[in-house]
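Participant: Fold the following for me, if possible:
(one chain, ligands or ions: 1)
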Amino acid sequence: MIILENIRYRILEIEKLSIPSGITAVIGDNGAGKTTFLRICAGMDLPTGTVTINGVTPRECEVGYVSEFPDRHMIFSVVQDEIASPLRFSRKNSDEVSASVLAVAEKLNITHLLDRDCKTLSGGEKMLIGVATALVAKPVLLVMDEPDSHLDPETSAELFTIIRESGCPHVLWSTHAKKIIQHADQIIELTQGRVNES
Ligand SMILES: Nc1ncnc2c1ncn2[C@@H]1O[C@H](COP(=O)(O)OP(=O)(O)OP(=O)(O)O)[C@@H](O)[C@H]1O
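Facilitator: The predicted model follows:
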C-alpha cells in the first residue's frame with residue numbers, strides 16, 4: 001500500500017490517500033499536478049507530509065522512474081550500459097548484471113537495440129529503454145510519466161501487458177490513453193492538485 005498523508009507541495013494538497021497494489025492510472029488535465037504527484041511518490045521531491053510505500057519512505061526502497069522525456073536522463077552512450085546502470089551503481093557482479101539486462105530486454109522485445117548508441121534511438125525506443133532501466137532492479141514501485149505519449153497504441157498495449165506480467169507490486173502510470181485507463185486496477189484523478197473523490 002502507498003499512503004500519502006497531509007501532503008502540501010507546490011500545487012498538490014492531499015489530506016489522505018491510500019493506493020493499493022496494482023496498476024494505478026494517474027489522470028488529469030495539463031497542469032493538474034500529475035508529474036508533481038509522481039515525483040513525490042518516487043521520492044524525487046520531498047513534500048510537507050508523509051509518503052510511505054509498504055511502511056517505508058520511497059527513498060528506503062527500490063523505485064523505478066520513467067520520465068516523460070527519458071533521453072534527458074540517459075547517462076551512458078550505449079543502450080545496454082544505460083539499462084545496466086541501476087545494477088552497476090548498486091555494485092552487483094557483472095554476470096548478474098548481464099543476465100538481468102538480457103532478461104529485461106527480452107521481455108520488452110528490445111534485444112536488437114542493446115548495442116545501439118542511445119542518441120540514435122527514436123522517441124518510442126528511448127521510452128522502452130527508460131522502462132527497461134527502471135524495471136531491471138525489480139522495483140517495488142514503478143512510476144511512469146506518460147510513456148504512451150511516445151508509443152503507438154499497439155506498443156502501448158504491449159507495454160501494459162509486460163508491466164502487468166513483470167510482477168512489480170505498485171505501478172503509477174500517468175496517461176491520457178483511454179485503453180490504459182480502462183485496464184488499470186484503479187484510477188487517481190487530479191484536478192488542480194487535489195484528488196477527485198469518486
Ligand atoms: N518547479 C516548479 N516550480 C513551480 N511550479 C511548478 C514547477 N513544476 C511544475 N509547476 C507547476 O505545477 C503545476 C502542475 O505541474 P505538473 O507538471 O505536475 O502537471 P501535469 O499534470 O503533469 O501537467 P502535464 O499534463 O501538462 O504534463 C503546473 O501549473 C506547473 O506550472
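Participant: who's in contact with the residue nearest in space to the middle of the chain?
Facilitator: For the chain, the residue sitting closest to the mean C-alpha position, by C-alpha atoms, centre = their mean, is residue 143 at 2.3 Å. Contact analysis of residue 143 by C-beta atoms under 8 Å, 6 or more residues apart in numbering lists 38, 41, 42, 63, 64, 65, 66, 134, 171, 172. The C-beta positions use only the backbone N, C-alpha and C, and glycine is treated the same way.
Participant: repeat for residue 22
Facilitator: Contacts for residue 22 (C-beta under 8 Å, 6+ apart) come out as 170, 171, 184, 185, 186.
Participant: how does it look with 7 Å?
Facilitator: Residue 22 is in contact with 185, 186, counting by C-beta atoms under 7 Å, 6 or more residues apart in numbering.
Participant: For this protein, list the residues in contact with the ligand, please.
Facilitator: For the chain, the residues found near the ligand under the criterion C-beta under 6 Å from any ligand atom are 10, 11, 28, 30, 31, 32, 33, 34, 35, 36.
Participant: any weak-confidence spans in this protein?
Facilitator: 197-198 (pLDDT under 70).
Participant: Helices of that one, residue ranges please.
Facilitator: Counting by DSSP state H, one finds helices in the chain at the ranges 34-41, 79-89, 94-107, 123-135, 153-165, 178-183.
Participant: would you list those helices in JSON lines and tack on mean neighbour count?
Facilitator: Formatted as JSON lines, the helices of the chain follow (neighbours: other C-beta atoms under 10 Å):
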{"stretch": "helix 34-41", "mean neighbour count": "22"}
{"stretch": "helix 79-89", "mean neighbour count": "20"}
{"stretch": "helix 94-107", "mean neighbour count": "15"}
{"stretch": "helix 123-135", "mean neighbour count": "24"}
{"stretch": "helix 153-165", "mean neighbour count": "15"}
{"stretch": "helix 178-183", "mean neighbour count": "14"}
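Participant: Put together TSV for those helices, with distance to residue 16 on each row.
Facilitator: What follows is these, written out as TSV (distance: least, C-beta to C-beta, whole Å):
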stretch	distance to residue 16
helix 34-41	14
helix 79-89	31
helix 94-107	35
helix 123-135	27
helix 153-165	27
helix 178-183	23
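Participant: and residue 193, which of these is closest to it?
Facilitator: helix 34-41 (7.4 Å; C-beta to C-beta).
Participant: can you pull the alpha-carbon coordinates of the closest one into CSV?
Facilitator: The C-alpha trace of helix 34-41 is given here as CSV (Å, rounded to 0.1, in the frame of the first residue of the first chain):
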residue,chain,number,x,y,z
LYS,A,34,0.4,14.5,-12.3
THR,A,35,4.2,14.9,-12.7
THR,A,36,4.4,16.6,-9.3
PHE,A,37,2.4,13.7,-7.7
LEU,A,38,4.6,11.1,-9.4
ARG,A,39,7.8,12.8,-8.3
ILE,A,40,6.8,12.9,-4.6
CYS,A,41,5.6,9.2,-4.8
